[in-house]
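Asks: need a structure here:
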Amino acid sequence: MQKFTKTTRTLAALLVSGTALTGVASAAEITGNVGATTDYIWRGNVQGSGGASLSGGIDIDFGNGLAAGTWVGTLGDSDTSANYEQDLYVSYSTEIAGYPLEVGYISYMYPGVADSADDFEDFYVSTSVAGIGISYYMLVSAESATMDADEGTYLSVDYDYELDDGWTMSLHYGMESFDNSEDDEDTSISLSKGDMTFTVSGDEGDDTRAIVSWGASF
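Replies: Next up is the predicted model:
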């Protein structure tokens with residue numbers, strides 16, 4: 001795999017790098033991934049209890065631009081909310097005028113929350129220009145009536161730079177917007193080598209957080 005945060009798990013890694021958008025396989029391929037992190041951060045926000053988290057997922061590439069998969073991540077112990085998250089997603093990849101393009105749908109589910117109140121769904125479109133990954137997410141629906149009425153969007157801009165000795169530096173900027181609240185920006189910088197990633201993440205109004213993550217695919 002992939003670094004553990006949602007923006008870099010199996011599906012999101014495709015969005016950032018665009019590598020899965022440049023071609024199609026000759027036959028369906030199934031891959032799996034596992035990961036661990038000291039802190040699960042998503043769009044600059046601490047998830048669950050804010051402690052260590054484990055994850056795993058399965059992805060299917062159908063070889064014609066179509067892909068689908070599922071991902072599960074722990075959220076820590078809580079008496080009032082879910083202790084894990086399960087995502088389902090499907091995407092289609094192609095090229096337009098030489099630029100990679102991916103469109104997809106993601107369902108975020110939180111089993112254990114009363115009446116599935118925290119579940120929601122996103123539609124996204126992603127491309128890569130001059131090595132810069134650009135993704136735009138739009139809230140499709142949410143079980144929470146308040147969230148559903150907010151027309152939320154999220155813009156993600158990411159860049160990877162290869163360093164010496166197998167190290168990669170990744171830069172991220174994101175902006176989340178809702179109709180009834182102020183825009184919320186988040187940034188992060190990561191250094192990765194092999195299966196390990198070291199990240200410093202920050203969000204407006206929150207403390208900067210240092211994160212160590214491990215991931216592997218098979």
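
Asks: mind checking how far stretch 29-47 is from the chain centre?
Replies: Averaged C-alpha coordinates place stretch 29-47 at 8 Å from its chain's average position (CA atoms, centre = their mean, to the nearest Å).

Asks: same deal with stretch 125-138?
Replies: Distance, centroid of stretch 125-138 to centroid of chain: 13 Å (CA atoms, centre = their mean).

Asks: Now it - C-alpha only, CSV.
Replies: Provided in CSV are the C-alpha atoms of stretch 125-138 (Å, rounded to 0.1, in the frame of the first residue of the first chain):
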residue,chain,number,x,y,z
VAL,A,125,-13.2,13.9,-10.4
SER,A,126,-9.4,13.8,-10.5
THR,A,127,-6.6,14.6,-12.9
SER,A,128,-2.8,15.2,-13.0
VAL,A,129,-1.1,18.2,-14.7
ALA,A,130,2.7,18.6,-14.8
GLY,A,131,3.0,16.1,-12.0
ILE,A,132,0.5,17.9,-9.8
GLY,A,133,-2.5,15.8,-8.7
ILE,A,134,-5.8,17.7,-8.5
SER,A,135,-9.0,16.1,-7.1
TYR,A,136,-12.4,17.7,-6.4
TYR,A,137,-15.0,15.9,-4.2
MET,A,138,-18.7,16.8,-4.0
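
Asks: Only the buried residues of it, if you could.
Replies: Under the neighbour-count criterion of 16 or more other CB atoms under 10 Å, stretch 125-138 has 126, 127, 128, 133, 134, 135, 137 buried. Glycine gets a C-beta too; all of them are placed from N, C-alpha and C.

Asks: got a pLDDT number for the spatially closest residue to residue 144 that is not a sequence neighbour?
Replies: Among residues not flanking residue 144 along the chain, residue 117 sits closest, at 5.6 Å (CB to CB, 6 or more residues apart in numbering). Looking at residue 117, its pLDDT is 71.

Asks: List the residues that contact the residue lying closest to residue 68 once chain neighbours are set aside.
Replies: For residue 68, ignoring the flanking residues on the chain, the nearest one in space by CB to CB, 6+ apart is residue 90 at 4.4 Å. Counting by CB atoms under 8 Å, 6 or more residues apart in numbering, residue 90 touches 66, 67, 68, 104, 105.

Asks: between those residues, which is nearest residue 85?
Replies: residue 105 (16.5 Å; CB to CB).

Asks: Isn't that closest one up against residue 120?
Replies: No - using CB atoms under 8 Å, residue 105 is not in contact with residue 120, being 11.8 Å away.

Asks: what is in contact with those two at once?
Replies: Common neighbours of residue 105 and residue 120 (CB under 8 Å, 6+ apart) are residue 140.

Asks: who has more neighbours, the two?
Replies: residue 120 (20 against 15; other CB atoms under 10 Å).

Asks: correct me, but the more buried one touches residue 110?
Replies: No - the criterion here is CB under 8 Å, and residue 120 misses it with residue 110 at 9.3 Å.

Asks: For these two, list the residues in contact with both.
Replies: Going by CB under 8 Å, 6+ apart, no residue sits against residue 120 while also sitting against residue 110.

Asks: for this protein, what spans make up the strands?
Replies: Per DSSP state E, the chain carries strands over the ranges 29-37, 41-42, 45-46, 53-61, 66-74, 84-96, 99-109, 120-129, 132-142, 153-162, 168-178, 181-193, 196-203, 209-217.
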